[in-house]
Structure formats: C-alpha cells, structure tokens
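# Have a look at this prediction, sequence included:
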Amino acid sequence: MTHSRDTNASPSGVLKRRKFLLSAGLGIGGAVAATAGVKVLVPAEPAATTEVQPGNKGYQATEHVRNYYRTARV
C-alpha cells in the first residue's frame, strides 16, 4: 500500500501552517526566556515576636489536643 499526500492541501497552506507553528514556538520560548531572569522583590515583614505571657506555661495537653492524638492513632 502506498501513502499519498493529501491532494487537497496546497503547498502554500502547508507553509503557512509551518510558519505559524514555528512563530508560536519561538514566541513561547521568548516569553519563557524573558521571565526566567525576573525576580519579584517583596518587602520583608518584621518577624512576629512571640513573647511569653506571664502565666503561659507553653505546651499544654488540653482536651482538644488529647482528642487530636486519640483520633490520629494508626
């Protein structure tokens, strides 16, 4: 069996399609290259200070903590 080219496709139509795909590929490549070196600078926010409140004893095994550990058991 021999394969024949589509007789309805004109050579100019094929060339237009190739040019379109080539330019689309180059456009995407250019966009990626343009954004590859861009760094977004975000102003640093001051770190939140967690001061120990008087009466704050740190970790406390409260009811909801015990409930979490109970339900997280494997």
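Perfect, thanks for sending it. Numbering: from 1, shown residues only.

# residues making contact with stretch 18-35?
Applying Cβ atoms under 8 Å, 6 or more residues apart in numbering, stretch 18-35 has no contact partners. To be clear about C-beta, it is placed using only N, CA and C from the backbone, and glycine gets the same treatment.

# tell me the mean pLDDT over the host helix or strand of residue 70?
Assigned by DSSP states H and E, residue 70 belongs to helix 63-72. For helix 63-72, mean pLDDT is 91.

# for stretch 22-34, same thing?
77.

# Just the buried residues of it, please?
Buried residues in stretch 22-34, counted by 16 or more other Cβ atoms under 10 Å: none are found.

# Can you tell me the SS state at residue 16?
Look at residue 16: counting by DSSP: H, G, I helix; E, B strand; the rest coil, its state is helix.

# What is the neighbour count of it?
11 (other Cβ atoms under 10 Å).

# how much space between residue 74 and residue 12?
68 Å (Cβ to Cβ, to the nearest Å).

# meant to ask about residue 26, not that
21 Å.

# Neighbour count for residue 74 and residue 12, which is higher?
Between residue 74 and residue 12, residue 12 has the larger neighbour count (other Cβ under 10 Å), namely 8 against 2.

# which phi and psi does residue 58 have?
Backbone geometry at residue 58, expressed as degrees, to the nearest 10, gives phi 80, psi -140.

# pLDDT score assigned to it?
For residue 58, the pLDDT comes out at 80.

# what does residue 42 give?
67.

# could you measure residue 60 against residue 30, distance?
Distance from residue 60 to residue 30, by Cβ to Cβ: 58 Å.

# typed the wrong thing, it's residue 21
Distance from residue 21 to residue 30, by Cβ to Cβ: 15 Å.

# so how far is residue 73 from residue 67?
11 Å.

# More neighbours: those two, which one.
Each of residue 67 and residue 73 has its neighbours counted (other Cβ under 10 Å); residue 67 has more, 10 against 5.

# what about residue 68, how many residues close to it?
So residue 68, with other Cβ under 10 Å, has 10 neighbours.
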